[in-house]
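**Q** Quick check, what structure comes out for this input:
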Amino acid sequence: MYRRGFFIYFKTSRLLYIDMKLIQFLSIVAITTCILFPSCDIIEDPIIPFTEGYNVELYGNPPVFQLATTSGKNVLVEDFTAHQCGNCPPAAEIAEELAVSNPDRVFPLAIHAGNLAITNESYPLDWTNEDGDLFWSQLDFQANPLGRINRIGGTGNFFAPAEWASEVASELVSETPLQLQIKTFWHPNVGDGHLNIHVNGQFTSGGLDGECRLAILLTESALIGDQLYYGEDPEHVTDYQFDHMLRGSVTGAEGLVVISDAVVGDEFQSDYTFNWDPEWVFENSAILVVASKENGEVVNCLSHHLFE
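**A** The predicted structure follows:
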């Protein structure tokens with residue numbers, strides 16, 4: 001199961017636009033969640049009732065965020081890769097170099113997808129998931145390795161690895177109205193572990209027309225497996241290390257609408273309780289938050305290593 005958590009709670013400083021399809025969807029989620037979690041409460045939210053999987057009685061009130069002190073636009077580097085793609089390891093190295101050169105500003109996301117990501121006797125581990133498959137399906141042209149840089153030009157647009165550095169540099173000096181903050185709290189003794197995730201967004205320097213979506217993705221590093229690597233001897237590397245791998249999501253790959261037609265000074269907060277997947281190594285995992293426009297372009301993003 002790739003999406004083990006539930007959408008929990010939104011609060012914003014303004015009313016949001018919610019269409020009827022979303023209301024119907026949320027009603028189904030509310031009923032289903034209460035069946036699965038009979039102790040949950042229904043929030044009397046001024047926007048729309050949500051089923052609250054975040055247990056206030058158990059964990060206390062969600063944290064209060066202070067005024068954001070960061071500025072600037074961070075960069076999401078989505079690397080479409082595969083273990084039978086011999087040209088993919090050099091692309092992963094480019095993404096890693098960009099992250100190392102721009103700490104806390106550039107965040108790689110390794111998305112294993114496509115025909116070269118299928119399993120067989122030589123490459124038995126399945127690194128794909130439904131969220132990665134959705135991202136793959138969005139591309140106007142599907143091949144490995146290709147990448148998206150903050151989804152410039154929309155979700156279908158892509159860049160070759162040789163173009164990533166220049167596109168990242170351009171995005172790092174561009175402006176964004178939104179600043180993000182993340183807080184997490186780990187409770188390892190509840191089931192397989194509960195991870196409470198709190199995300200705050202503040203429109204500190206402008207507004208945003210249309211809907212703003214927030215996606216909570218989970219990544220894992222230091223995974224070992226088979227990888228084809230052209231130029232190595234042998235080319236079939238049996239102990240290759242995979243980093244920044246997309247493992248799943250809390251909100252779904254495309255995220256959920258958190259605010260519409262935001263103006264400067266608007267703020268939203270989303271609180272989640274996520275049921276941890278025991279197959280993932282907590283110490284090697286991170287939360288990646290992506291806020292996007294209606295066309296999928298990234299407004300801002302932020303990553304938070306869980307073992308800090």
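**Q** who does G225 bridge with?
**A** The residues listed as beta-bridge partners of G225 by DSSP bridges are Y240.
**Q** hang on, isn't it packed against D243?
**A** No - G225 lies out of contact with D243 (C-beta atoms under 8 Å); the separation is 11.9 Å. C-beta: built from backbone N, CA, C; applies to glycine.
**Q** Show me the shaky parts of the protein.
**A** Low-confidence segments of the chain (pLDDT under 70): 1-53, 308.
**Q** Centroid-nearest residue for it?
**A** L217 (2.6 Å; C-alpha atoms, centre = their mean).
**Q** Sticking with that one, tell me its helix or strand.
**A** For L217, the element it lies in under DSSP states H and E is strand 208-220.
**Q** Give the partner strands of that strand in its sheet and their orientations.
**A** Here strand 208-220 is paired, per DSSP bridges, with strand 245-249 (antiparallel), strand 256-262 (antiparallel), strand 285-292 (antiparallel).
**Q** can you put these in JSON lines and add mean neighbour count?
**A** Below are those laid out as JSON lines (neighbours: other C-beta atoms under 10 Å):
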{"stretch": "strand 245-249", "mean neighbour count": "24"}
{"stretch": "strand 256-262", "mean neighbour count": "20"}
{"stretch": "strand 285-292", "mean neighbour count": "23"}
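**Q** Quick one, which of those strands gets closest to L76.
**A** Set against L76 and scored by C-beta to C-beta, the strands paired with strand 208-220 come closest in strand 285-292, at 6.1 Å.
**Q** ok, N200 - contacts?
**A** By C-beta atoms under 8 Å, 6 or more residues apart in numbering, the contact list for N200 reads 65, 68, 180-182, 267-269.
**Q** Output these as a markdown table; include the columns secondary structure.
**A** Below are the contacts of N200 laid out as a markdown table (DSSP: H, G, I helix; E, B strand; the rest coil):
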| residue | secondary structure |
| --- | --- |
| F65 | coil |
| A68 | coil |
| L180 | strand |
| Q181 | strand |
| I182 | strand |
| E267 | strand |
| F268 | strand |
| Q269 | strand |
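**Q** Just the closest of these to S260, please.
**A** Closest to S260, out of all of the contacts of N200 and judged by C-beta to C-beta, is F268, at 10.6 Å.
**Q** Determine which two of the contacts of N200 are furthest apart.
**A** Using C-beta to C-beta, those span at most 14.6 Å, a distance reached by I182 and E267.
**Q** between the two, who's got more neighbours?
**A** Taking other C-beta atoms under 10 Å, I182 and E267 do not tie; E267 has more neighbours (20 against 17).
**Q** Quick check: the more buried one touching G201?
**A** Yes - between E267 and G201 there is a contact under C-beta under 8 Å: 6.7 Å.
**Q** Please enumerate the helices of the stretch 51-200 of the chain.
**A** Assigned by DSSP state H, counting those that start in this stretch, the stretch 51-200 of the chain shows helices spanning 56-59, 88-101, 130-138, 161-172.
**Q** Packing partners of the longest one?
**A** When you say that, I think you mean helix 88-101. strand 75-81, strand 106-112, helix 161-172, strand 223-228 (3 or more C-beta pairs under 8 Å, 6 or more residues apart in numbering; DSSP states H and E).
**Q** which residues sit against that helix?
**A** 75, 77, 79, 81-82, 106-108, 110, 116, 144-145, 147, 161, 164-165, 168, 227-229, 240, 243-244.
**Q** relative orientation of that helix and strand 223-228 in degrees?
**A** 140 degrees (axes from the mean of the first three to the mean of the last three C-alpha atoms, to 10 degrees).
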